[in-house]
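> missing the sequence, but the structure's below:
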């Protein structure tokens, strides 16, 4: 006995119930397997875009602040004495970044590699400005946003020429 014969044996009322059941099942499958995941994906992407726009706005404001600090024409004063590692460490402690330092590694006599956990971006900018005033320059810098006003930071610092101890 095939399906068509089975269908014809059903009463009209039973056929309507089967059709209604199949329609409800089809709707449930389309909703659960297609529609809901699609809507959720759009919601997630919308949240990501909003977060990225917020980060972009914050970064633009920070860039303006950095340009203003750079444009102040502040002269550097070279600090003599002490290794670059100790100067960087002392400066980080002075800016309250000592707990954020994950790695502080010397790369020879006049270069230091530093990695920071997520920390306030403005604090990092102030610290880098203070280092610049001490004759220490940034050779490499990587900033990765990690929340509102927070960045993960990896950098390599070295002494400006003629500023060694």
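Structure's in. What do you need? On a predicted model such as this, the values are computed, not experimentally measured, just so you know.

> measure stretch 93-112 end to end?
With CA to CA, to the nearest Å as the measure, stretch 93-112 spans 16 Å from end to end.

> which parts of it are buried?
When burial is assessed from 16 or more other CB atoms under 10 Å, stretch 93-112 yields the following buried residues: 95, 97, 100-101, 110-112. Heads up, the C-betas are built off the backbone N, CA and C, glycines and all.

> same check on stretch 53-66?
Buried positions in stretch 53-66, judged by neighbour count with 16+ other CB under 10 Å: 55, 58, 62.

> in helices, which of those residues fall?
55, 58, 62 (DSSP state H).

> got any ranges where the protein has weak pLDDT?
By pLDDT under 70, the low-scoring segments of the chain are 1, 69-82, 160-165.

> going along the chain, name the helices of this protein.
Under DSSP H, the chain gives helices at 3-9, 12-30, 36-70, 84-94, 121-133.

> contacts for the last one next, please.
Right, helix 121-133. For helix 121-133, contacts defined as CB atoms under 8 Å, 6 or more residues apart in numbering pick out 58, 62, 65-66, 69, 74, 76-77, 88, 91-92, 94-97, 116, 137-138, 143, 149-151, 153, 157.

> next one: the second one
Contacting residues not belonging to helix 12-30 are listed as 7, 10 [CB under 8 Å, 6+ apart].

> just want the angle from that helix to helix 36-70.
Between the axes of helix 12-30 and helix 36-70, defined by axes from the mean of the first three to the mean of the last three CA atoms, to 10 degrees, the angle is 20 degrees.
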